[in-house]
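S.K.: got a predicted model here, sequence first, then my questions.
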Amino acid sequence: APDLRKGLLVEVSRGVGNEPQLCLTDRKDGKRNWIVVNQYGRSSSVVPSQVNYVLPGDNYTQADIAATDEQAVSQMDPEMLELAWSSMGAENRESVQVPELAMTIFGAEDLVACYSTHCMLRKDTVFFKSANGRYKRRSQEEVANLKRQLDSAHDKAADVLHVSEILRRVLSEGEVGSETSKGFWEQADELVV
């Protein structure tokens, strides 16, 4: 469980399907829970297991929440993770913590660099995997395989979008052309199935 105290910026999960939210720790709520405040001033009780990440530093105020989130988002560049992944391979480093990776990517371990790095890692499904507060570098084989899977899923989604656009056009305009031939529909069936 993270070591929490008043005035920390923490990223909190609110359950499946909800985007994690940056909050400020305000006060204890019972024996283990904490009251956190979001950027809009709404407070809620969280259990320590809902805290995904404790940002470096302390004595923050509610005004720091939006500014930190905004700056971190503006610095996010997922391509930088690939460069960091390559750099780690050249250095034979297998795993890192967020501040170390922030130093590799941004040349800094400050609040914004760490939160931006954490957010990129949270969304990353290719280069790193989380393991007990550290991020393990995936092998070249794993990365190549995951990239192929993502490319395949992207291509399939583009094909489905193309078919749905043609269907929309046919239904709304009654347009029939070469795209609506029997061969097209057989290809469309393969895409959707």
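M.R.: Perfect, I can see it now.

S.K.: burial count for the residue lying closest to residue 125 once chain neighbours are set aside?
M.R.: Using C-beta to C-beta, 6 or more residues apart in numbering and skipping the chain neighbours, the partner closest in space to residue 125 is residue 146 (6.6 Å). Backbone N, C-alpha and C define where each C-beta goes, glycine included. Number of residues near residue 146 (other C-beta atoms under 10 Å) recorded here: 15.

S.K.: report the central residue of the chain.
M.R.: residue 123 (2.1 Å; C-alpha atoms, centre = their mean).

S.K.: contacts only, for the nearest residue to it once chain neighbours are set aside.
M.R.: Once flanking residues are discounted, residue 123 sits nearest to residue 78: 7.3 Å by C-beta to C-beta, 6+ apart. Applying C-beta atoms under 8 Å, 6 or more residues apart in numbering to residue 78 gives the contacts 120, 123-124.

S.K.: rebuild those as CSV, extending it with secondary structure and pLDDT.
M.R.: Supplementary listing: those in CSV, determined by DSSP: H, G, I helix; E, B strand; the rest coil; pLDDT from 0 to 100:
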residue, secondary structure, pLDDT
120, helix, 96
123, helix, 92
124, coil, 94
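
S.K.: what about stretch 107-116, start to end distance?
M.R.: Using C-alpha to C-alpha, to the nearest Å, the end-to-end distance of stretch 107-116 comes to 13 Å.

S.K.: let me see the mean pLDDT of it.
M.R.: Mean pLDDT, stretch 107-116: 96.
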